[in-house]
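> Below: sequence and its predicted model.
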Number of protein chains: 2
Amino acid sequence: MNTLLLNKIYDVKLNITNWKKDNLIIGLVPTMGALHKGHASLIKKAKEMCDKVVVSVFVNPIQFGPNEDYNKYPRTIDADKNICAELGVDIVFAPTPNEMYGEGNKLSNTELTFVCPPYNLTDCLCGKSRPGHFDGVATVVTKLFNITSPNYAFFGQKDAQQLYIIKKMVKDLNMNLTIIPCPIVRENDGLALSSRNSYLSAEERTWALTISKSLKEIEKLYKQGITDCSILFDTAMSILDKNLEIEYIEFRDFNTFEEVKSAKNNTLTAIAVKAGKTRLIDNIILV
Amino acid sequence: MNTLLLNKIYDVKLNITNWKKDNLIIGLVPTMGALHKGHASLIKKAKEMCDKVVVSVFVNPIQFGPNEDYNKYPRTIDADKNICAELGVDIVFAPTPNEMYGEGNKLSNTELTFVCPPYNLTDCLCGKSRPGHFDGVATVVTKLFNITSPNYAFFGQKDAQQLYIIKKMVKDLNMNLTIIPCPIVRENDGLALSSRNSYLSAEERTWALTISKSLKEIEKLYKQGITDCSILFDTAMSILDKNLEIEYIEFRDFNTFEEVKSAKNNTLTAIAVKAGKTRLIDNIILV
């Protein structure tokens, strides 16, 4: 089986048009590359559900803030393509920023049409420290949906806020696809897989382990009947390594995205920290 | 031939899916109803180019400002349906606001995903006096495109700024359709057709005739070699009835939408006025 590496929107659309003529079910796995086992789990799920699978690999400039890691974000397209080939992906779509946004770096909302998720979903959690981030995400995801016309698109639950926002966008704009959420994949020691883990020193990595540890403890307490979020918050605070800079620990109803004071089933417990210069997020959905 | 009047998104999508299976070419004419000969010309063009034609009739609340004419905008669905039937339209899609935006009137960008055209296209002409208007237009048009999956969508050139913004949106977001611009249709006396003309008193209507008259004079001067936009501006000012409240007279390159001081081919000359309480727009593209 032959995995095509395509850089041009036109070439992708041409393949998609032919697949559609044959009524094939198409799956899209949107990624920023530096693929790891978390991405692999999305791709495997897509292979199960679809006739054809497209993996996009694009470090999207419009979702990074001016002081964020756009330039240093890992780019490993050769390795990514090999992983995709092994998993039986049909197309790896790896466009340049110019291909996606035109020549001349006209990337602001002065010059480009943006898709803007509602404020009450972006003015919290990661959105608070990353203004404009989710506008950039929603915009590029809309473009990728239009380029690949998927029946299903696969998103990891690790980016829980992103997942919620994308599902809301699909509903609000009547897009013709279904979003498939996929569970977080972790290292044996509990660390949630992330392309940004490669930034961590050995010492920072040991600090980072306390994130999943605190989430597991919250889950344990919840299963014992403790639902008071201030207690669950304090529990996390007591477990998180003192060297971590804590950005937020939040509890939200994953049906409505409203903040909750008393945990219940389907409550998202989300944590964001900095370990040294590296920003890490993790979460658990209580059941 | 049977024209279906449908109110539900689900029912429209079902029909579209069946048409797509037969590889039929689909045309969409998005309207706010109160159909006149201008709309009819769009529908006729759609019938020429497409196997199936959908006309949407929806007075879109999110594109009206708080002090605009949302409540009083003419709603004439029975007459609209008859016109569509006579013209051989396949589906008239006339949803309620609840069907389009969900129950509970959650219509702000706090609660809804919006599509936002670039500021440099919205912070001028009609956008200046109608903040948020084009966000509302781009959002509903995106929804209608996703609901009807057209190969072609037909827009009148009377709303020149809207036409430009929608074309830009289709390009920026890689949407899978082609926008077909259609020329302005006028009454015999030159008045550009508009559903809002029904608001005009007999006296206001005579004032309004000076809009197209001034545009014609500008065209005549341009053809004589006069390109200085300040001269063309003064010409319009001298012809426009003194009872009209002039909102803008602008000259823009219709390739780039940049303001021009010296007219050339493809320069958009656009005028907005108020005749009494009725806001009217008209334009001409110089060639």
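Yep, that arrived. Numbers count the residues shown, from 1 in each chain, chains lettered A, B, ... in the order given.

> Can you list the buried residues in the lengthiest helix in chain A?
Assignment by DSSP state H gives helix A:202-223 as the longest helix of chain A. Within helix A:202-223, the residues that count as buried by 16 or more other CB atoms under 10 Å in any protein chain shown are A:204-205, A:207-208, A:210-215, A:217-219, A:221-222. Just so you know, the C-beta spots here come from the backbone N, C-alpha and C atoms, and that holds for glycine as well.

> Kindly report the same for stretch A:52-64.
Within stretch A:52-64, the residues that qualify as buried are A:52-60, A:62-64, counting by 16+ other CB under 10 Å.

> Could you do stretch A:105-124 as well?
Here stretch A:105-124 shows A:107, A:109, A:111-118, A:120-122, A:124 as buried, counting by 16+ other CB under 10 Å.

> Any idea how far apart the tips of that stretch sit?
From its first residue to its last, stretch A:105-124 covers 29 Å (CA to CA, to the nearest Å).

> Identify all contacting residues around that stretch.
If you take CB atoms under 8 Å, 6 or more residues apart in numbering or on different chains as the criterion, stretch A:105-124 is touched by A:61-62, A:97, A:101, A:127, A:133-136, A:138-139, A:141-142, A:161, A:164-165, A:168-169, A:173, A:250, A:252, A:257, A:259, B:109-120, B:138, B:168-169, B:172-173.

> Keep only those of those residues that are in helices.
A:97, A:101, A:127, A:133-136, A:138-139, A:141-142, A:161, A:164-165, A:168-169, B:119-120, B:138, B:168-169, B:172.

> Please read off the pLDDT at A:Met1 from the model.
With respect to pLDDT, A:Met1 scores 66.

> again with A:Glu103
pLDDT, read off for A:Glu103, is 89.

> Tell me, how many residues neighbour it?
8 (other CB atoms under 10 Å in any protein chain shown).

> picking that back up, are any of the ones in helices among the contacts of stretch A:105-124 buried, and which?
Here, 16+ other CB under 10 Å leaves A:97, A:101, A:127, A:133-136, A:138-139, A:141-142, A:161, A:164-165, A:168-169, B:120, B:138, B:168-169, B:172 buried among the ones in helices among the contacts of stretch A:105-124.

> Show me what from chain A comes close to chain B.
With CB under 8 Å from any CB of the partner chain as the criterion, chain A meets chain B at residues A:9, A:13, A:21, A:23, A:109-120, A:138-139, A:142-143, A:146-147, A:149, A:168-169, A:172-176.

> go with 7 Å
By CB under 7 Å from any CB of the partner chain, the residues of chain A that approach chain B are A:9, A:109-120, A:142-143, A:146-147, A:149, A:168-169, A:172-176.

> Return the member of the buried residues of stretch A:105-124 nearest to B:Thr267.
Nearest to B:Thr267 among the buried residues of stretch A:105-124 is A:Glu111, at 21.1 Å by CB to CB.

> Report the separation between that closest one and A:Tyr70.
18 Å (CB to CB, to the nearest Å).

> Likewise for A:Cys116?
From A:Cys116 to A:Tyr70 the distance is 20 Å (CB to CB).

> picking up where we left off before, which other helices and strands does the longest helix of chain A contact?
Counting by 3 or more CB pairs under 7 Å, 6 or more residues apart in numbering or on different chains; DSSP states H and E, the packing neighbours recorded for helix A:202-223 are helix A:229-239, strand A:267-275, strand A:278-286.

> Can you list the strands that the last one pairs with?
Read that as strand A:278-286. strand A:267-275 (antiparallel) (DSSP bridges).

> So what touches the partner strand?
A:125-126, A:160, A:200, A:204, A:207-208, A:211, A:214-215, A:218, A:236, A:240, A:244-254, A:260, A:279-286 (CB atoms under 7 Å, 6 or more residues apart in numbering or on different chains).

> per-residue confidence averaged over it?
Rounded mean pLDDT across strand A:267-275 is 98.

> Relative to the whole chain's centre, how far out is that strand?
Chain-centre distance of strand A:267-275: 14 Å, with CA atoms, centre = their mean, to the nearest Å.

> just stretch A:184-199 next, same as before
13 Å.

> same deal with stretch A:54-68?
11 Å.

> Likewise for stretch A:279-287?
With CA atoms, centre = their mean, you get 12 Å for stretch A:279-287.

> what sits up against it?
A:126, A:158, A:160, A:192, A:194, A:196, A:208, A:211-212, A:215, A:218-219, A:222, A:254, A:263, A:265-273.

> on that earlier part again, looking at the helices and strands packed on helix A:202-223, spot the one closest to B:His36.
Closest to B:His36 of the helices and strands packed on helix A:202-223 is strand A:267-275 (CB to CB; 50.8 Å).

> tell me the angle that closest one makes with helix A:202-223.
The directions of strand A:267-275 and helix A:202-223 differ by 160 degrees, with axes from the mean of the first three to the mean of the last three CA atoms, to 10 degrees as the criterion.

> orientation of strand A:267-275 relative to helix A:160-172 in degrees?
Using the same axes, to 10 degrees: strand A:267-275 against helix A:160-172 is 130 degrees.
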